[in-house]
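1. no sequence for this one, just the structure:
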């Protein structure tokens, strides 16, 4: 996840959303969230996505940029299509709570 977070941080289309983020905490919560969502033993203890993104004005283009950064990272590490699809499916269900504009 460190590589994906670094890619997002370098992405001028969306890095403004992370300007005041505690990056180590963000990485840890992201790992737990993905682990839990994919059936792993982790427990996500962060806020729900609607609360977390309220007032941020995230657009479909912003969401797609983040997903694109994640896909590029997964591709770089040759994550198999099945696993990549499962993760993207989980992210897709979150879109309605993240995108507000």
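-> Sure, I can see it. Everything numeric here is computed off the predicted structure, so don't read it as measured data.
2. so where do the strands sit in this protein?
-> Listed in chain order, the chain contains no strands at all (DSSP state E).
3. Give the residue farthest from the middle of it.
-> What lies farthest from the middle of the chain is residue 41; by CA atoms, centre = their mean that is 18.9 Å.
4. what about residue 7, neighbour count?
-> Here the count is done by other CB atoms under 10 Å, and residue 7 has 17 residues near it. All C-beta atoms are positioned from the backbone trio N, CA, C, and that covers glycine.
5. who's in contact with it?
-> 69, 70, 72, 73 (CB atoms under 8 Å, 6 or more residues apart in numbering).
6. Quick one: those residues as CSV, columns for pLDDT and neighbour count too.
-> As requested, these are exported to CSV (pLDDT from 0 to 100; neighbours: other CB atoms under 10 Å):
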residue, pLDDT, neighbour count
69, 94, 22
70, 92, 22
72, 95, 13
73, 93, 18
